[in-house]
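Peer 1: Just a sequence and a predicted model for now, questions to come.
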Amino acid sequence: NWDLILYVNLELVNKMSNRRFIVKEMLGQGTFGQVVKCWDTETNDYVAVKVIKNQPAFYHQAIMEVSLLRTLNQKFDPDDQHNIVRMLDYLSFQNHLCIAFEMLGQNLYELLKRNQLRGLKVKYVQAFSKQILEAMVVMRDAGIIHCDLKPENILLAPSVTTAAAVKVIDFGSACLEGKTVYSYIQSRYYRSPEVLLGYPYTTAIDMWSFGCIVAELFIGLPLFPGASEYDVLQRMMTILGGQPPDDLLREAKNTGRFFKHVGNIFPGSETPDGIASAYRILSEDEIEARESKRPKVGKWYFPSLKLDRLICTYPWNKSELTETEKTDRLALVDFLKGLLEFDPNKRWSPLQALYHPFITGQPFMRPYEPVPETARIPVTRAAAIDHNPGGGHWL
Ligand code: ADP
Ligand code: MG
């Protein structure tokens, strides 16, 4: 009963800090607790307060959220220039951790819903993508994996100029690269192949989710709305073509849930997409035999087209596109392909993606080939700008 729970927490929040925060309304709720809009009597401004349930597991995860966000805000983004939510304060009240954030607007899922789940104009997809990427560059430099990027966790922000602005929120699932603890992470539609397959993960999983978000902003619907993990994987393979690389499949611990080892690679053993592999994805019948439960069909339907047709023919009626619209879409497809790359080692980094013509607005003529980055060493923005004068070089 949410009314009751809300009431209990309203009481709590009203009591805390000598009523420093006066609760106005509920903004969101989740497994962790609730987010409420409050009037801060000390600063005379609205704030969003996340009230965490008073249970040890939630409390500890929230301490992690506070510590990662403090690092990001203070050390990596002291001037609030990189589209990451500002944490204003936090306090512990009767084992409820309460975190005060700057007040932001609607999340991008609400925005799409308000737009009747029709996609946004390319210029908004481009502007939002660029801002999210800027946050991701900082997160990667800090070695922080967000682990839950999705439209619900990207919020519209009041903007200094008239241009639309967004910020990344919710570091409640985040962790440090190299200190990954959990294997069941990311929201299913936005879950990366390496997490699905149970393979050690890096900040590259956020790039996968980001790719899913960008596509969703354009088509208005989730790209891989799978009803099960198998369903998600199958949708990925249908839309993107291909499958995760063999060395990932060989080493990942969940491969056997989805794939069958069909022996060594030999001529003629290629997948329908022409990839030589020692693995093939299980058929639906094989999955059914195993789970005695057919993967359910997703809630959303769109033609099961390959990515380029899906994007280039949107909204999938026969309307004519202008030349500019056509090239915008070709650039978008090329952009998405670098983000939705099955191999986490080949997937673009945030900085590499930032110099794609779709983001820079330079004319798109050929597939983008980013400047290689020294594998795991963070590249400073200045260094990258020096080496990347024209939005990457062409092959
Ligand atoms: P959870 O871990 O449950 O996802 P979030 O931090 O994502 O918690 O907050 C849940 C929801 O509350 C968000 O999707 C958003 O709609 C709302 N919300 C969170 N932070 C803010 C904020 N700073 N300003 C406005 N709304 C917010
Ligand atoms: Mg959230």
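Peer 2: Thanks, I have it. If you're wondering where the values come from, they're calculated on a predicted model, not measured in any experiment. Ligands and ions are numbered 1, 2, ... in the order given.
Peer 1: who touches the closest residue to residue 307 other than its chain neighbours in this structure?
Peer 2: Nearest non-adjacent residue to residue 307, counting by Cβ to Cβ, 6 or more residues apart in numbering: residue 239, 5.3 Å away. Using the backbone N, CA and C atoms, a C-beta is placed for each residue, glycine as well. By Cβ atoms under 8 Å, 6 or more residues apart in numbering, the contact set of residue 239 is 223-224, 304-307, 310.
Peer 1: Among those residues, which are located in helices?
Peer 2: Among the contacts of residue 239, the residues falling in helices (DSSP state H) are 307, 310.
Peer 1: Just checking, which of the contacts of residue 239 comes out lowest on pLDDT?
Peer 2: Lowest-confidence member of the contacts of residue 239: residue 304, scoring 69 (pLDDT).
Peer 1: buried ones in stretch 236-251?
Peer 2: Across stretch 236-251, burial judged by 16 or more other Cβ atoms under 10 Å covers 236-237, 239-245, 248-249.
Peer 1: With stretch 116-136 instead?
Peer 2: For stretch 116-136, by 16+ other Cβ under 10 Å, it's 119-120, 122, 124-136.
Peer 1: before we move on, the earlier item: using TSV, please lay out the buried residues of stretch 236-251 together with pLDDT.
Peer 2: TSV is the format used below for these (pLDDT from 0 to 100):
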residue	pLDDT
236	96
237	95
239	96
240	96
241	93
242	91
243	94
244	95
245	94
248	96
249	95
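Peer 1: Can you tell me which of the residues you listed is nearest ligand 2?
Peer 2: residue 236 (23.0 Å; Cβ to the ion).
Peer 1: helix or strand for that closest one, which one?
Peer 2: Residue 236 belongs to helix 229-240 when assigned by DSSP states H and E.
Peer 1: got the residues of this protein near ligand 1?
Peer 2: Counting by Cβ under 6 Å from any ligand atom, the residues of the chain close to ligand 1 are 27-28, 30, 32, 35, 48, 50, 85, 101-104, 107, 152-153, 155, 169-170, 172.
Peer 1: Run through the stretch 51-200 of the chain and note the low-pLDDT ranges.
Peer 2: Residues of the stretch 51-200 of the chain meeting the criterion pLDDT under 70: none.
Peer 1: Sorry, slip of the keys, the one I care about is the stretch 201-350 of the chain.
Peer 2: Using pLDDT under 70, the flagged stretches of the stretch 201-350 of the chain are 264-272, 291-304.
Peer 1: Quick check, the residue in it closest to ligand 2?
Peer 2: For the stretch 201-350 of the chain, Cβ to the ion, closest residue to ligand 2: residue 209, 12.4 Å.
Peer 1: From residue 281, how far off is the closest residue in space to residue 208 that isn't next to it in sequence?
Peer 2: The shortest distance from residue 208 to any non-neighbouring residue, by Cβ to Cβ, 6+ apart, is to residue 192 (3.7 Å). Distance of residue 192 to residue 281, given as Cβ to Cβ, to the nearest Å: 17 Å.
Peer 1: ok, now residue 82?
Peer 2: 39 Å.
Peer 1: And residue 236, by the same measure?
Peer 2: For residue 236, the distance to residue 281 - Cβ to Cβ - is 10 Å.
Peer 1: do the same with residue 83
Peer 2: The value you get for residue 83 to residue 281, if Cβ to Cβ is used, is 37 Å.
Peer 1: neighbour count winner among the two?
Peer 2: Neighbours were tallied for residue 83 and for residue 281 using other Cβ atoms under 10 Å; the higher tally belongs to residue 83 (22 against 19).
Peer 1: List the residues that contact the more buried one.
Peer 2: Per Cβ under 8 Å, 6+ apart, neighbours of residue 83: 131-132, 134-135, 157, 165-168.
Peer 1: Return the member of those nearest to ligand 1.
Peer 2: residue 167 (8.1 Å; Cβ to the nearest ligand atom).
Peer 1: what pairs with the closest one across the strands?
Peer 2: With DSSP bridges as the criterion, residue 167 is bridged to residue 155.
Peer 1: got a list of contacts for the helix or strand encompassing residue 324?
Peer 2: Here residue 324, judged by DSSP H and E, is contained in helix 323-339. Helix 323-339 is contacted by residues 122, 125, 129, 207-208, 210-211, 214-215, 218, 240, 307-308, 311-312, 314, 321, 347-348, 352-353, 356-359, 363-364, 367-368, 370 when judged by Cβ under 8 Å, 6+ apart.
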